[in-house]
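A.B. asks: sequence and computational prediction follow.
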Amino acid sequence: MALSRNEAFRMQALQLLDAVLVWACFWLSWDTRELILSVNDSTNRESIYWILYIAVPFTPLILKLFGYYRQIRTKTSGQAIVQILQALAIIALVIGMYAMFAKLLDTRRLVIGIGFIMVFVVLLLRDRLTAWWLRTRRHQEAALERVVVVGSSAGISELLSEIEPDITDGWKVVDHFDLNKRAVEELFELLKMKSVSRVIFAANHTEFEKVSLAVEACELQGVEAWISASFIRTQIARPTFDALGDRPMLVLRSTPELSWELLLKKLMDLLGASLVILVTMPLWIFAMIGIWLKSPGAPVFFSQMRAGRYGQPFKMWKFRTMVANAEQMLDQIKKEHGNEMQGPVFKLDNDPRIFPFGALLRKFSIDELPQLINVVRGEMSLVGPRPLPLYEVEAICDISHRRRLSVKPGITCEWQVGGRNQINTFDEWVSMDLRYIDNWSIWLDVKILLRTIPAVLLGIGAK
């Protein structure tokens, strides 16, 4: 049966993890043997290296042949035990034959025995923990992928009936959208209001023109369109093939595709944000004491609802740099001072709502530090388009601008480090964000982070 890219990626990650676990088990088996026999034989540990060369790479591969990495959530413990025992039996046979032909019969048998026992226990425990985690996520609405199924009523029912529950259990189907009865404009509003991340087209019995317009609505918002046909041509989205169960699908993506680079980005976000929080803790204390002294009686932190990926609202945190009633003063400030940014976004270099100590925090971007908490929580990334307030997102007129919401927002970006002093139109700002999305790589993120450091230390471009 064909694997979707998500399933293939998960399988590869689990295989890599299991290879590491197998290596650790056999490595620790030597120490366990020494502990049991009360001997110190560490100098001869290299005598088991040949076992590692066989067991580490081949155990995950043989487990894959027995279906160990498929249907993890619904698999029983008994099935997992049988699959592990089958794989270990083959590995043991290979190791035994190699030892005989290579005349390696002096290898510590106790090490091999302990190693196999540890591998069995650890792999079974890892499998059951993974199954438990998948079942837990199934009952957490926030973890479910928000999906709209589009097409004719008959086509939608046929498609959903043929997809395995193991796949659909990870979805929250927001709507069954009948293109023959509803307007494409309604679909566009649905994607915006429900923070949809994927639209699946059951294109049977549906007019080509309607499907094409619906795909365009997805494309403009950066939402993945999965189509069970191969007749759509796009300007931005990259067509690739994937699978839902046994059904081949044409996928149109205008955002970075799932890859090891994206996994590395997530790890970089989590580890990098945690490290920066620890290193900059003195600045947190400095900012909190300064705000408390210079603006007494008001909160130290400022929070505001911003638009996250696909427009999903989240609460973004900053150190407060304006007077306590700054948001209530916004309309008055716009009337008196105007807006230096053309478009829905408000920008004013010398905003009178900023108190002096707040201006200092802004100059060196110290006010942005609490957003590292948003990064650790998974709501933001270190690098990505800056998140806009919900009311500014609602004011966006050009629907193509919504594609900047198709990736996770970030603390820093191209505009933040290189253009915010020179750019005065929202169109130019969005153009930089879309260029980042279309050309994204982990190396691009690293370059932006490296450019951010001198910009912060020298206070370049901060207002």
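C.D. replies: Happy to help now that I have it. Numbers count the residues shown, from 1 in each chain.

A.B. asks: any idea which element the closest residue in space to residue 316 that isn't next to it in sequence lies in?
C.D. replies: Spatially, and ignoring its direct neighbours in sequence, residue 316 is nearest to residue 306 (4.4 Å; Cβ to Cβ, 6 or more residues apart in numbering). C-beta here means a position set from N, CA and C on the backbone, and glycine is covered the same way. Assignment of secondary structure by DSSP states H and E places residue 306 within strand 301-307.

A.B. asks: buried residues, that strand. List them.
C.D. replies: Residues of strand 301-307 classed as buried under the neighbour-count rule (16 or more other Cβ atoms under 10 Å) are 302, 306-307.

A.B. asks: out of those, who's nearest residue 271?
C.D. replies: Nearest to residue 271, judged by Cβ to Cβ, of the buried residues of strand 301-307 is residue 306 at 23.6 Å.

A.B. asks: residues contacting that closest one?
C.D. replies: With contact taken as Cβ atoms under 8 Å, 6 or more residues apart in numbering, residue 306 is in contact with 313-316, 387-390, 409.

A.B. asks: domains of the protein?
C.D. replies: Here the domain parsing of the chain from automatic domain parsing is 5-138, 143-253, 260-457.

A.B. asks: okay if I get these as a markdown table plus mean pLDDT?
C.D. replies: As requested, the domains of the chain are arranged in a markdown table below (pLDDT from 0 to 100):
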| stretch | mean pLDDT |
| --- | --- |
| domain 5-138 | 85 |
| domain 143-253 | 83 |
| domain 260-457 | 87 |
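
A.B. asks: picking up where we left off before, who is the residue nearest to residue 316 paired with across the strands?
C.D. replies: When assigned by DSSP bridges, residue 306 has beta-bridge partners residue 314, residue 389.

A.B. asks: surely residue 143 touches residue 133?
C.D. replies: No: taking contacts as Cβ atoms under 8 Å, residue 143 lies outside contact range of residue 133: 10.0 Å.

A.B. asks: residue 436 - nearest residue in space that isn't next to it in sequence?
C.D. replies: Spatial nearest neighbour of residue 436, chain neighbours left out: residue 414 (5.4 Å); criterion: Cβ to Cβ, 6+ apart.

A.B. asks: so what's the residue count around the one you found?
C.D. replies: Residue 414: 20 surrounding residues under other Cβ atoms under 10 Å.

A.B. asks: against residue 406, how distant is it?
C.D. replies: The span separating residue 414 from residue 406 equals 16 Å under the rule Cβ to Cβ, to the nearest Å.

A.B. asks: and for residue 184?
C.D. replies: Between residue 184 and residue 406 the computed distance is 19 Å (Cβ to Cβ).

A.B. asks: who touches stretch 348-359?
C.D. replies: Taking Cβ under 8 Å, 6+ apart as the criterion, the residues outside stretch 348-359 that touch it are 290-291, 293-295, 319-323, 326, 329, 333, 337-340, 362, 367, 463.

A.B. asks: what's around residue 346, how many residues?
C.D. replies: Neighbourhood size, residue 346 [other Cβ under 10 Å]: 17.

A.B. asks: ok, the closest residue in space to it that isn't next to it in sequence - contacts?
C.D. replies: The spatially closest residue to residue 346, leaving aside those adjacent along the chain, is residue 339, at 5.4 Å (Cβ to Cβ, 6+ apart). Shown in contact with residue 339 (Cβ under 8 Å, 6+ apart): 346-348.

A.B. asks: the more surrounded of residue 184 and residue 406?
C.D. replies: Neighbour comparison, residue 184 and residue 406: the larger count goes to residue 406, with 24 against 18 (by other Cβ under 10 Å).

A.B. asks: quick check: phi and psi at the nearest residue to that one once chain neighbours are set aside.
C.D. replies: Nearest in space to residue 406, with sequence neighbours left out and distances taken as Cβ to Cβ, 6+ apart, is residue 222 at 2.2 Å. Here the main-chain torsion angles of residue 222 (degrees, to the nearest 10) amount to phi 70, psi 20.

A.B. asks: looking at it, residue 222 is touching residue 408, isn't it?
C.D. replies: No: with contacts defined as Cβ under 8 Å, residue 222 does not count as touching residue 408, sitting 11.6 Å away.

A.B. asks: can you give me the helices for the stretch 101-250 of the chain?
C.D. replies: Using DSSP state H, counting those that start in this stretch, the helices of the stretch 101-250 of the chain run over 109-138, 153-162, 165-168, 184-194, 208-221.

A.B. asks: could you dump those helices to JSON lines with distance to residue 101?
C.D. replies: Written out in JSON lines, the entries for these read as follows (distance: least, Cβ to Cβ, whole Å):
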{"stretch": "helix 109-138", "distance to residue 101": "16"}
{"stretch": "helix 153-162", "distance to residue 101": "49"}
{"stretch": "helix 165-168", "distance to residue 101": "42"}
{"stretch": "helix 184-194", "distance to residue 101": "62"}
{"stretch": "helix 208-221", "distance to residue 101": "58"}
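
A.B. asks: highest mean neighbour count out of the ones you listed?
C.D. replies: The densest packing among those, expressed as mean neighbour count by mean count of other Cβ atoms under 10 Å, is seen in helix 208-221 with a mean of 20.
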